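>>> I would like to see how this sequence folds:
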Amino acid sequence: QVQLVESGGGLVQAGDSLRLSCTYSGRTFISYTMAWFRQAPGKEREFVATITRDGANTDYADSVKGRFTISRDNAKNTVYLQMNSLKPEDTAVYSCAAGMKNFRVGVSDYTYWGQGTQVTVSS
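Model (predicted):
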């Protein structure tokens, strides 16, 4: 049974930073490529960032490139999302996901999902 639990969300002002964490339990963490998605009110869930099993390669949505950094610590079964220079349009529920194929950006490409953590950025 794979479980993903996110933490680190909150209410911040524009320009601030936050670091989200996603802790994994279940089958071997390194078996999965990991990703972050987000869903704003009234909008569909969208891809944010992904990282390969060994952490050597990453990919980002254009809207967050240069501001967000995804990383993972396989010894701690945790994936992170460092978010800098936050904007009000970054407000959303952020969820981590685990999948089998690298560099996938579709919701259906990921098998396991966390419940999400709310990030609210005020202007």
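>>> Excluding chain neighbours, what is closest to the most centrally placed residue in the chain?
Within the chain, one residue has its C-alpha closest to the average C-alpha position: by Cα atoms, centre = their mean, that is Trp36, at 2.3 Å. Closest residue to Trp36 apart from its sequence neighbours, by Cβ to Cβ, 6 or more residues apart in numbering: Val48 at 4.3 Å. Where C-beta positions appear, they are placed from N, C-alpha and C, glycine not excepted.
>>> Arg69 is in what secondary structure piece?
Just to correct that, residue 69 is Thr rather than Arg. strand 68-73 (DSSP states H and E).
>>> mind listing what whichever helix or strand comes after that strand pairs with, with the direction of each?
Counting by DSSP H and E, the element after strand 68-73 in chain order, helix or strand, is strand 78-83. Strands that pair with strand 78-83, judged by DSSP bridges, come out as strand 18-25 (antiparallel), strand 68-73 (antiparallel).
>>> measure Asp73 to Ser21 for me?
10 Å (Cβ to Cβ, to the nearest Å).
>>> again, but for Gln13
Distance of Gln13 to Ser21, given as Cβ to Cβ: 21 Å.
>>> can you check Val2 too?
17 Å.
>>> more neighbours, those two?
Legend: neighbour count by other Cβ atoms under 10 Å for Val2 and Ser21, higher for Ser21 (17 against 14).
>>> Correct me if wrong: that one contacts Thr78.
Yes - in this structure, Ser21 is within contact of Thr78 by Cβ atoms under 8 Å, at 5.7 Å.
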